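Asker: have a look at this prediction, sequence included:
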Amino acid sequence: MGATGRRAEATGRRGAVAGGAGGAWGRRGDTLADRGGAGDTRGDGATGGKPTLEELREKIAALVGHREPARPRADPSAGELPFFVEQTALGPRYVRRVGAPAARVGRAPLVAARDADAGTLGLLALDPAIGECDPRKALYLDTETTGLAGGTGTVAFLVGLAFFDEAHGVFVLEQMLLRRLGEEAPILELVHRRMAEASMVVTYNGKTFDVPLLRTRFVMNRMAKPKEPPHLDLLHVARRVHKHRLTSCTLSAIENEVLGRGRVGDVAGMDIVEAYAHFLRSGDEAALHGVVTHNEHDVLAMVALLGLYGEPFGVVDETCAGPGWARGGGPRGGGADASSGGGDGAGARAGERGDPRGEGCRAAVSADILRARGEIALALQEYEAIVGEVDDPEVRLLLAKLYEHKSKAYERALSVLAEGTTESAAATRRRRDRLERKLLAAQAPRAGRRRKQRQA
């Protein structure tokens, strides 16, 4: 076969293949047309031949073979959790409302919060507005949330409140549980009402976390934010009072070291979020028992702390309970029995010098508060009066520091230092050397001026 014949044969084979492919495409087009016709028949109108979402769901259900039964919503009022349901215009609200389960937290009675001195609290908080509030109308607030980061995605699923009920003469504990996400409005409505009735809000780290979070939740639920009364954050007071005595100022640490109550079996903060997530997934009420108790302890601890920090000076006994927490790190002279006159703070020193009314103790606390507020001149007067009456090396150390760093009275600081302080011998030697150098440096310009005056 010649070259011409072979080319003709190859051309014929390519034509046959092309013809077969064309036939295949023709058959596929017929099939697509058939399917399109079926689609036109099924999808009438706006769907344009596309299956609807409901039809897709039916197909998926048919493929799976069965549907999951709808899980009933958890009902905290019908099981083991201590909540009852209140039907409101905004939906159901699950509430626990009881009188305070205990009369005291550790060594501190709750009733002391009712009679707390607002002026003392205002000084400790460095907020004059607190001094104008009525502690009987204080609202104590703590929240348990779905996260610690804050922001719009964090929700307060358990809100704990406490307030004093004048009609019955008891503190009332009120807790509200969010049964499921999306039912916040009834809880926020009650928070709004309680804030409107309160003279001040008392929290522990609430200025940083709890109150800003609740503001966000009001916005996210398109509800009017309440008018907030003065806010007393006890964390700031605790740091101011105990920072030199305690290594930690968490609420549990303050409760243990200052109030004298240690929690047993308490839920760790890192486990609270997972406990609520488990409750939402499974409806298991047992997951929240510890969280509810944890929140109760937090709220009542704040009541006890306010009574302790706001103890009126006029009722201080021979152990000087008020300055006991300020100077000794714990109530009543560092936790000693009130009748023993013990403790390592100003209360013990008052008993040693035979001062049954604790005048020196009250002066020490007053001086501490004035120093914290930056009123150094008044604080110096208080400390000088104490040193003149009481052999108190701790106050002498404070006085020497103020003389050195604030009033620049280096000779007075050296004189006080010579009488002895609570510093170690090495620290005292370093302080004395530093004071002598500063004194010489301060005297040199004065000596030069006197020489110039004599020469003139």
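Answerer: Structure's in. What do you need? If you're wondering where the values come from, they're calculated on a predicted model, not measured in any experiment.

Asker: test my guess that Tyr140 contacts Phe164.
Answerer: No. Applying C-beta atoms under 8 Å as the test, Tyr140 and Phe164 come out as separate, 9.6 Å apart. C-beta: built from backbone N, CA, C; applies to glycine.

Asker: neighbour count winner among these two?
Answerer: For Tyr140 versus Phe164, neighbours defined as other C-beta atoms under 10 Å are more numerous around Tyr140 (30 against 22).

Asker: just the element for the more buried one, please.
Answerer: strand 138-145 (DSSP states H and E).

Asker: mind listing what that strand pairs with, with the direction of each?
Answerer: Sheet pairing of strand 138-145 (DSSP bridges) gives strand 156-165 (antiparallel), strand 200-203 (parallel).

Asker: pLDDT of that strand, averaged?
Answerer: For strand 138-145, mean pLDDT rounds to 97.

Asker: ok, now stretch 169-186?
Answerer: The model assigns stretch 169-186 a mean pLDDT of 94.

Asker: quick one: buried residues of it?
Answerer: 170-171, 173-179, 183-186 (16 or more other C-beta atoms under 10 Å).

Asker: again, but for stretch 286-299
Answerer: 287-288, 290-292, 294-299.

Asker: check stretch 213-221 too.
Answerer: So for stretch 213-221, counting by 16+ other C-beta under 10 Å, buried means 213-214, 216-218.

Asker: cool, stretch 91-101 as well?
Answerer: For stretch 91-101, by 16+ other C-beta under 10 Å, it's 93-96, 100.

Asker: and the next helix or strand past the helix or strand where Glu54 lies?
Answerer: According to DSSP H and E, Glu54 maps onto helix 53-64. Later in the chain than helix 53-64, the nearest helix or strand by DSSP H and E is strand 84-88.

Asker: what lies in contact with that following strand?
Answerer: For strand 84-88, the external contacting residues (C-beta atoms under 8 Å, 6 or more residues apart in numbering) are 75-77, 92-96, 186, 189.

Asker: let me see the contact set for the nearest residue to Leu90 once chain neighbours are set aside.
Answerer: Setting aside the residues directly before and after it, Leu90 is nearest to Ala185 in space (C-beta to C-beta, 6 or more residues apart in numbering), at 4.1 Å. Residues counted as contacts of Ala185 (C-beta under 8 Å, 6+ apart) are 90-91, 221, 223.

Asker: wait, Val291 sits on Ala275?
Answerer: Yes. Look at Val291 against Ala275 with C-beta under 8 Å: they come within range, at 5.4 Å.

Asker: joint contacts of these two?
Answerer: Val267.

Asker: hey, where'd the strands end up in the stretch 101-250 of the chain?
Answerer: 104-105, 108-109, 138-145, 156-165, 170-177, 200-203, 231-233 (DSSP state E, counting those that start in this stretch).

Asker: so which of those is nearest Val64?
Answerer: Proximity to Val64 (C-beta to C-beta) singles out strand 156-165 among those, at 32.8 Å.

Asker: next, the angle strand 170-177 makes with that closest one.
Answerer: 170 degrees (axes from the mean of the first three to the mean of the last three C-alpha atoms, to 10 degrees).

Asker: show me the shaky parts of the chain.
Answerer: Residues of the chain meeting the criterion pLDDT under 70: 1-48, 65-74, 78, 150-151, 313-363, 365, 372-373, 446-452, 455-456.

Asker: report the central residue of it.
Answerer: Asn205 (3.3 Å; C-alpha atoms, centre = their mean).

Asker: give me the phi and psi for Leu308.
Answerer: The phi/psi pair for Leu308 (degrees, to the nearest 10) reads phi -70, psi -50.

Asker: that one reaches Ala108, doesn't it?
Answerer: Yes. If you go by C-beta under 8 Å, Leu308 and Ala108 touch, sitting 5.0 Å apart.

Asker: that older thread, from Thr428, how far off is the residue nearest to the centre of the chain?
Answerer: For Asn205, the distance to Thr428 (C-beta to C-beta, to the nearest Å) stands at 38 Å.

Asker: Ala167 too?
Answerer: 59 Å.

Asker: between these two, who's got more neighbours?
Answerer: Thr428 (17 against 5).

Asker: distance from whichever strand or helix holds the more buried one to the middle of the chain?
Answerer: If you go by DSSP H and E, Thr428 is part of helix 425-455. When distances are taken as C-alpha atoms, centre = their mean, to the nearest Å, helix 425-455 is centred 48 Å away from the chain's centroid.

Asker: packing partners of it?
Answerer: Under the contact criterion of 3 or more C-beta pairs under 8 Å, 6 or more residues apart in numbering; DSSP states H and E, helix 425-455 touches helix 393-405, helix 410-418.

Asker: which positions within it qualify as buried?
Answerer: In terms of neighbour count (16+ other C-beta under 10 Å), helix 425-455 has its buried residues at 428, 431, 435, 439.

Asker: ok, now stretch 189-206?
Answerer: For stretch 189-206, burial by neighbour count (16+ other C-beta under 10 Å) applies to 189-192, 194-195, 198-206.

Asker: also stretch 146-158?
Answerer: So stretch 146-158, judged by 16+ other C-beta under 10 Å, has buried residues 146, 154-158.

Asker: and which of the residues you listed is nearest to His405?
Answerer: Distance to His405, by C-beta to C-beta, is smallest for Thr154 among these, at 42.7 Å.

Asker: now that closest one. Nearest residue, chain neighbours left out?
Answerer: Thr154's closest residue in space is Gly147 (C-beta to C-beta, 6+ apart), at 4.5 Å.

Asker: test my guess that Leu435 contacts Leu414.
Answerer: Yes. When contacts are counted by C-beta under 8 Å, Leu435 is listed as touching Leu414 (5.2 Å).

Asker: just give the nearest non-adjacent residue to Asp233, would you?
Answerer: Going by C-beta to C-beta, 6+ apart, Asp233 has Lys207 as its nearest residue, at 4.4 Å.

Asker: residue contacts, the one you found?
Answerer: Contacts of Lys207 by C-beta under 8 Å, 6+ apart are 231, 233, 236.

Asker: surely Gln175 and Gly160 touch.
Answerer: Yes. Between Gln175 and Gly160 a contact is recorded at 4.9 Å, counting by C-beta under 8 Å.

Asker: who touches both of these two?
Answerer: Common neighbours of Gln175 and Gly160 (C-beta under 8 Å, 6+ apart) are 295-296.

Asker: chain center to stretch 182-200, what's the gap?
Answerer: Worked out by C-alpha atoms, centre = their mean, stretch 182-200 lies 18 Å from the chain centre.
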